[in-house]
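Asks: sequence unavailable; structure follows:
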């Protein structure tokens, strides 16, 4: 492995960093770019390229804070030297980094800046990229909103989520028009995939099917295995919602084959999880158990405890549906143990309820039996697992969501481990009264009535009463803020002198604050100033607009320093979680299996 040599020139180190990034070794590439910056260069174009590529390297290694830092340097440098094309590209990169940090409004401003510059320059490629980036930001914003609200069901999102999704859809359509005009087939494939995902979340499954099918065709045209794998996975999700379970299983099987071909164990596990649930929907529980055991084996291999718990839970449901209650008890007990270990209280409660239900069927006393790894290892090696059903009489519809009740009594969660859905969004701010402050004064009804008079168009504002109320309520605070004035001679001249001094002081303070916020060219890391490159600097350009953008970017720094408990994440379980879908499909099947009493029995006897 190549290492950075301090004696190498800046350009040599940068070229080696670029080579490392091209072969997929972005961490090593970042080291070479950092070394190049330490050596420094007087070439402003070279330094801008280093900033851009270093920011991208940190972006791909998911160090978004560092990516943000260097893309900001790139924007600053491009604006300072008047490089509009470079500024547009840097603004787009800055927007992508802000998006990954959840700063969607600031990211949108950056993309709007990228789009405006591209339109001014007549750059259709840059305009298309800006539209695609803008669509991605609105798409991510919608998914985050849905997650915060607790509503992630495709087609059933609240209005604010749908609004962002529709804007994203419009941006993708405009991008698709431009890339079709330019004949860029690869970009067309990306746009179609994004349109398919957006229509899927909007519940437009027929449109999603159309765009994902187009995406698959373009990926096959270029031999893009990753694109094909994503398209097959997305098509499987769409076919599930369309009720085409057999076609969905075929797409998930192709996803699994591509993941095995690329040796991607995480995607392989996610495909097994999806296949297991799909075969449960088809009623083929033997196949479902086979794929859930494969998912369990990979989850253990990758030390994914959350995914392991999901696998135990799915296996318990599949064995219970297949009539093997003893094995179902074993896997459900394992699910409970994992839930306790990872602190998943909802999963633990769901497992306990399922155990009680199985015990009621078995009529056995409380006991504990473990699950050996024999079946798991057998599944990983391709062995047969689980007994077949002896007859269809044993088939019972299992409530795959523990604790699911009638629709009149909404369940707290769709599957063990999720947070309960709520109808209102409450900011997670701990608002507590200050023990050192006196309690607020309560206003009498007469006082409140006087205040409310201001809303009446027939009555004029009683300013004397209003200021009297404010004076009484704020008396203590006003007294604290008072200061004693010493008697002065020649009051008028002294007052005007003091005003001038005060204004000079404020102007000086504000000037220093503005200077502190500016990014002087000499502070850019890696820049060696010479007489030649100083002549390329355009002087203080319109920093006001630039500082306004940076001010918005810095606005949420206090919020960034607050920490939250990380959510339970299962890397071997796909983001489009199947469990809510299974519950939805199973509930409709339960309604279909209900039988109506004969009308003769319902009528009163004659």
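Replies: Looks like it came in fine. Because the structure is a prediction, the values reported are computed rather than measured. Residues are numbered from 1 along each chain as shown.
Asks: any low-confidence regions in the stretch 51-200 of the chain?
Replies: 151-152 (pLDDT under 70).
Asks: can you give me the helices for it?
Replies: For the stretch 51-200 of the chain, the helices defined by DSSP state H, counting those that start in this stretch occupy 64-81, 84-100, 104-121, 124-149, 159-182, 185-202.
Asks: distance to residue 526 added to those, as a markdown table?
Replies: The way it works is simple: take the backbone N, C-alpha and C, and place the C-beta from them, glycine included. Formatted as a markdown table, the helices of the stretch 51-200 of the chain follow (distance: least, CB to CB, whole Å):
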| stretch | distance to residue 526 |
| --- | --- |
| helix 64-81 | 9 |
| helix 84-100 | 15 |
| helix 104-121 | 23 |
| helix 124-149 | 26 |
| helix 159-182 | 34 |
| helix 185-202 | 32 |
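Asks: redo the ones you listed as CSV? Include mean neighbour count and distance to residue 244.
Replies: Formatted as CSV, those follow (neighbours: other CB atoms under 10 Å; distance: least, CB to CB, whole Å):
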stretch, mean neighbour count, distance to residue 244
helix 64-81, 22, 38
helix 84-100, 24, 34
helix 104-121, 20, 35
helix 124-149, 21, 25
helix 159-182, 19, 24
helix 185-202, 22, 14
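Asks: nearest to residue 272, of the ones you listed?
Replies: helix 185-202 (21.8 Å; CB to CB).
Asks: mind giving me the packing neighbours of that closest one?
Replies: helix 124-149, helix 159-182, helix 205-221, helix 225-241 (3 or more CB pairs under 8 Å, 6 or more residues apart in numbering; DSSP states H and E).
Asks: circling back to that earlier point, which among the helices of the stretch 51-200 of the chain is found nearest to residue 238?
Replies: helix 185-202 (6.1 Å).
Asks: can you lay out the helices and strands packed on helix 185-202 as JSON lines showing distance to residue 42?
Replies: Putting these into JSON lines (distance: least, CB to CB, whole Å) gives the following:
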{"stretch": "helix 124-149", "distance to residue 42": "28"}
{"stretch": "helix 159-182", "distance to residue 42": "36"}
{"stretch": "helix 205-221", "distance to residue 42": "44"}
{"stretch": "helix 225-241", "distance to residue 42": "40"}
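Asks: about what we covered before: nearest to residue 308, out of the helices of the stretch 51-200 of the chain?
Replies: Nearest to residue 308, of those and by CB to CB, is helix 124-149 at 23.2 Å.
Asks: before we move on, back to that, among the helices and strands packed on helix 185-202, which comes closest to residue 280?
Replies: The nearest among those, by CB to CB, is helix 225-241 at 11.6 Å.
Asks: following that closest one, which helix or strand shows up next?
Replies: Next along the chain after helix 225-241, taking DSSP states H and E as the criterion, comes helix 245-261.
Asks: contact partners of that following helix?
Replies: 225, 228-229, 232-233, 235-237, 239-240, 265, 267-268, 270-272, 274-275, 278-279, 281-282 (CB atoms under 8 Å, 6 or more residues apart in numbering).
Asks: do the same with stretch 182-194
Replies: Stretch 182-194 is contacted by residues 124-125, 128, 132, 135-136, 139, 168, 172, 175-176, 179-180, 211-212, 214-215, 218-219, 221-222, 224, 227, 230-231, 234 when judged by CB under 8 Å, 6+ apart.
Asks: so who does the nearest residue to residue 266 once chain neighbours are set aside touch?
Replies: Distances taken as CB to CB, 6 or more residues apart in numbering place residue 571 nearest to residue 266, at 5.5 Å, with adjacent residues excluded. Residue 571 makes contact with 266, 269, 302, 304, 307 under the criterion CB under 8 Å, 6+ apart.
Asks: in three-state terms, label residue 571 for me.
Replies: coil (DSSP: H, G, I helix; E, B strand; the rest coil).
Asks: so which of the helices and strands packed on helix 185-202 is nearest residue 99?
Replies: helix 124-149 (4.8 Å).
Asks: now for that closest one, which elements pack on it?
Replies: By 3+ CB pairs under 8 Å, 6+ apart, helix 124-149 packs against helix 84-100, helix 104-121, helix 159-182, helix 185-202.
Asks: still on that earlier bit, filter the contacts of residue 571 to the buried ones?
Replies: 266, 269, 304, 307 (16 or more other CB atoms under 10 Å).
Asks: widest-spaced pair of the residues you listed?
Replies: Going by CB to CB, the pair spanning those furthest: 266 and 307, at 9.5 Å.
Asks: now the common contact residues for these two.
Replies: 571, 572.
Asks: I'd assumed residue 50 was in contact with residue 33.
Replies: Yes: with contact defined as CB atoms under 8 Å, residue 33 and residue 50 form a contacting pair (5.6 Å).
Asks: comparing the two, which residue is more hemmed in?
Replies: More neighbours surround residue 33 than the other of residue 33 and residue 50, with 32 against 28 (other CB atoms under 10 Å).
Asks: flag every buried residue along stretch 262-275.
Replies: Quick answer for stretch 262-275 (16+ other CB under 10 Å): 264, 265, 266, 267, 268, 269, 270, 271, 272, 273, 274, 275.
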